[in-house]
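1. How does the following fold in three dimensions:
(one chain, ligands or ions: 2)
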Amino acid sequence: MIPSRLFSARPQAVLEGMGFWMLPTRSLPSRLLLRASPRLLSVSCADCTKHQEPPRKQPLSEKKLKRHFVDHRRVLVRGGRGGSGVSCFHSEPRKEFGGPDGGDGGNGGHVILRVDQRVKSLSSVLSRYQGFDGEDGGRKNCFGRNGAVLYIQVPVGTLVKEGNEVLADLSRPGDEFIAAVGGSGGKGNRFFLANDNRAPTTCTPGQPGQERVLFLELKTVAHAGLIGFPNAGKSSLLRAISNARPAVASYPFTTLNPHVGIVHYEDHQQIAVADIPGIIRGAHQNRGLGLAFLRHIERCPFLLFLVDLSVPEPWTQLDHLKYELEQYNEGLSKRPYAVVANKIDLPQARARLPQLQARLGQEAIALSAATGENLEELLLRLKELHDRHVATELEHGRQPLRW
Ligand SMILES: Nc1nc2c(ncn2[C@@H]2O[C@H](COP(=O)(O)OP(=O)(O)OP(=O)(O)O)[C@@H](O)[C@H]2O)c(=O)[nH]1
Ligand SMILES: [Mg+2]
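-> Numbering: from 1, shown residues only. Ligands and ions are numbered 1, 2, ... in the order given. Got it, this is the predicted structure:
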């Protein structure tokens with residue numbers, strides 16, 4: 001809006017007097033007018049500047065969007081209210097006392113959590129949900145319509161808690177959990193018709209829906225978890241072996257959210273690998289990003305420890321990583337694992353390899369995520385670990401994780 005003070009005499013003359021050229025407003029197409037207005041008003045007058053259009057918000061880049069990853073949420077869910085029953089009597093010409101014909105109210109709609117594979121974080125989950133109410137009953141024994149079910153889409157691996165109690169573990173696509181039950185509909189007076197009461201006037205109101213506060217926690221589901229120090233090359237490796245595109249940069253803690261990449265094999269086997277933020281020494285005392293994000297590898301049946309060969313004494317990394325894992329969850333580091341030594345393309349790194357193998361006392365898969373050298377060995381080992389996991393699960397009568 002142009003301040004009315006400017007328009008007090010002849011608006012066009014005032015603006016022209018200030019050195020602006022202006023078309024008659026009516027002759028301007030609205031498109032032009034919109035585009036021209038901020039420039040016309042961008043005069044040095046302080047009054048005018050505050051009326052400038054606010055700058056448009058830039059769309060977020062993919063990298064920034066990924067930072068909006070949310071892995072826990074507190075949600076208030078309330079089922080829909082049941083519709084009320086109605087009290088009324090049938091009436092038509094020559095049939096004055098037609099009996100009670102008030103219909104029942106419809107039931108309130110449930111609120112249901114449903115796993116959707118396209119949803120990747122809990123960021124789209126709102127803080128409260130109210131289910132749809134049932135319709136009230138009507139005359140002529142008309143029952144009210146039930147409230148529709150309200151679905152909340154959540155990612156695979158969502159844990160539903162109420163207080164400290166775990167209510168559901170939605171770990172498979174299509175899993176559903178009734179978060180709040182809708183209230184039942186009230187009864188119309190027709191329901192109360194009995195031999196000793198031929199003209200009941202009683203009807204009941206609909207019940208309110210269930211209400212509860214749930215805590216949703218996301219635990220990424222994948223076969224293998226990539227564990228390593230910051231800058232070890234975890235994201236680079238995931239990019240090299242899968243179609244995932246996590247950000248890669250030479251500064252620590254480039255990765256702030258877990259990423260899952262799928263490794264495709266020729267026999268159509270798919271193995272999911274999760275890249276999580278880097279762990280540093282003392283992470284269990286909340287150094288670095290702490291250890292809370294390790295919940296994302298809790299469900300990984302096997303691990304890939306990534307050692308950075310470009311730093312001195314790389315063999316100490318494995319002990320530190322295992323120690324931090326144990327601090328978070330006892331027994332986590334004892335899962336089947338493979339050790340991967342990265343950055344073999346660097347000469348000083350290659351020179352450290354024999355010493356690393358000797359110190360670890362076990363085979364380490366030496367490769368370069370940057371050049372793709374020796375990735376096949378890792379892929380074969382990954383498949384081996386996966387096949388062993390499938391066999392163990394089947395042995396115990398459990399269904400192995402399928403992607
Ligand atoms: N020379 C060489 N550099 C590598 C290799 N792999 C990764 N890098 C470099 O190492 C740096 C860190 O790589 P990232 O993949 O971001 O490491 P990260 O482990 O995911 O790091 P965070 O996300 O911070 O934990 C980048 O500058 C990469 O280019 C490799 O095989 N050879
Ligand atoms: Mg990373």
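2. hey, where'd the strands end up in this structure?
-> For the chain, the strands defined by DSSP state E occupy 72-78, 111-115, 128-130, 150-154, 158-162, 165-170, 176-180, 211-218, 224-228, 259-264, 270-275, 302-308, 337-342, 364-366.
3. just checking, what packs against the longest one?
-> Taking 3 or more Cβ pairs under 8 Å, 6 or more residues apart in numbering; DSSP states H and E as contact, the helices and strands that strand 211-218 lies on are strand 72-78, strand 158-162, strand 176-180. No exception for glycine: its C-beta is placed from N, CA and C like everyone else's.
4. That one to strand 150-154, inter-axis angle?
-> 20 degrees (axes from the mean of the first three to the mean of the last three Cα atoms, to 10 degrees).
5. could you give the mean pLDDT of strand 211-218?
-> Averaged across strand 211-218, the pLDDT comes to 93.
6. Nearest the geometric middle of this protein, what residue?
-> Ser121 (1.5 Å; Cα atoms, centre = their mean).
7. Could you measure from that residue over to ligand 2?
-> Using Cβ to the ion, to the nearest Å, Ser121 is found at 17 Å from ligand 2.
8. Output the set of residues of the protein in proximity to ligand 1.
-> Counting by Cβ under 6 Å from any ligand atom, the residues of the chain close to ligand 1 are 228, 230-236, 248-250, 252-255, 277-278, 342-343, 345-346, 368-370.
9. which among these end up buried?
-> 228, 230-236, 248, 254-255, 277-278, 342-343, 345, 368-370 (16 or more other Cβ atoms under 10 Å).
10. Quick check: which of those are also close to ligand 2?
-> Among those, the residues that sit close to ligand 2 (Cβ under 5 Å from the ion) are Ser235, Thr254, Thr255.
11. now, which of the residues you listed sits nearest Tyr265?
-> The closest of those to Tyr265 turns out to be Ser235 (Cβ to Cβ; 21.6 Å).
12. Wait, that closest one touches Ser242, no?
-> No - assessed by Cβ atoms under 8 Å, Ser235 is found out of contact with Ser242, at 10.9 Å.
13. re earlier: a markdown table for the helices and strands packed on strand 211-218, including mean neighbour count?
-> What follows is the helices and strands packed on strand 211-218, written out as a markdown table (neighbours: other Cβ atoms under 10 Å):
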| stretch | mean neighbour count |
| --- | --- |
| strand 72-78 | 18 |
| strand 158-162 | 19 |
| strand 176-180 | 21 |
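14. Looking at those, which is nearest to ligand 2?
-> Proximity to ligand 2 (Cβ to the ion) singles out strand 72-78 among the helices and strands packed on strand 211-218, at 21.2 Å.
15. send the alpha carbons of that closest one over as CSV?
-> The C-alpha coordinates for strand 72-78 follow below in CSV (Å, rounded to 0.1, in the frame of the first residue of the first chain):
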residue,chain,number,x,y,z
HIS,A,72,11.1,-38.4,17.4
ARG,A,73,7.7,-36.7,18.0
ARG,A,74,5.2,-36.2,20.7
VAL,A,75,1.7,-36.5,19.4
LEU,A,76,-1.7,-35.9,21.0
VAL,A,77,-4.3,-38.2,19.3
ARG,A,78,-8.0,-38.0,19.9
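16. how many degrees apart are that strand and strand 158-162 in direction?
-> 60 degrees.
17. What helices and strands are in contact with the longest helix along the chain?
-> Taking DSSP state H as the criterion, the chain has its longest helix at helix 375-395. In terms of contacts (3+ Cβ pairs under 8 Å, 6+ apart), helix 375-395 is packed against strand 224-228, helix 234-241, strand 270-275, strand 302-308, strand 337-342, strand 364-366.
18. List the pairing partners of the fifth one within its sheet, with orientation.
-> Meaning strand 337-342. Paired strands of strand 337-342, with direction, are strand 302-308 (parallel), strand 364-366 (parallel) (DSSP bridges).
19. TSV for the ones you listed, including mean neighbour count, distance to Gly83 and mean pLDDT?
-> As requested, those are exported to TSV (neighbours: other Cβ atoms under 10 Å; distance: least, Cβ to Cβ, whole Å; pLDDT from 0 to 100):
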stretch	mean neighbour count	distance to Gly83	mean pLDDT
strand 302-308	23	53	94
strand 364-366	22	64	92
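20. Tabulate the ones you listed in CSV, adding columns for distance to Ala194.
-> Converted to CSV, these look like this (distance: least, Cβ to Cβ, whole Å):
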stretch, distance to Ala194
strand 302-308, 67
strand 364-366, 80
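21. Relative to ligand 2, which of the ones you listed is closest?
-> Proximity to ligand 2 (Cβ to the ion) singles out strand 302-308 among the strands paired with strand 337-342, at 10.2 Å.
22. Now tell me what touches the closest one from outside.
-> Here strand 302-308 makes contact (Cβ atoms under 8 Å, 6 or more residues apart in numbering) with 223-229, 231-234, 237, 273, 297, 314-315, 317-318, 321-322, 333, 335-343, 356, 364, 378, 382, 385-386, 389.
23. redo that, cut-off 6 Å
-> With contact meaning Cβ atoms under 6 Å, 6 or more residues apart in numbering, strand 302-308 is reached by 224-228, 232, 234, 314, 317-318, 321, 335-342, 385.
24. and it with strand 224-228, angle?
-> 30 degrees.
25. show me what contacts Pro336?
-> Counting by Cβ under 6 Å, 6+ apart, Pro336 touches Phe302, Leu385.
26. what about it, distance to Glu384?
-> Shown here: Pro336 relative to Glu384, a distance of 10 Å by Cβ to Cβ, to the nearest Å.
27. do Phe215 as well
-> From Phe215 to Glu384 the distance is 38 Å (Cβ to Cβ).
28. Return the member of the helices and strands packed on helix 375-395 having the minimum mean pLDDT.
-> Least confident of the helices and strands packed on helix 375-395, judged by mean pLDDT, is strand 270-275 with a mean of 89.
29. In terms of secondary structure, what does it contact?
-> In terms of contacts (3 or more Cβ pairs under 6 Å, 6 or more residues apart in numbering; DSSP states H and E), strand 270-275 is packed against strand 224-228, helix 234-241, strand 259-264.
30. Please state the offset of the longest one from the chain centre?
-> For helix 234-241, the gap between its own C-alpha mean and the chain's C-alpha mean amounts to 22 Å (Cα atoms, centre = their mean, to the nearest Å).
31. Next, the angle from it to strand 270-275.
-> Interaxial angle, helix 234-241 versus strand 270-275 (the same axes, to 10 degrees): 160 degrees.
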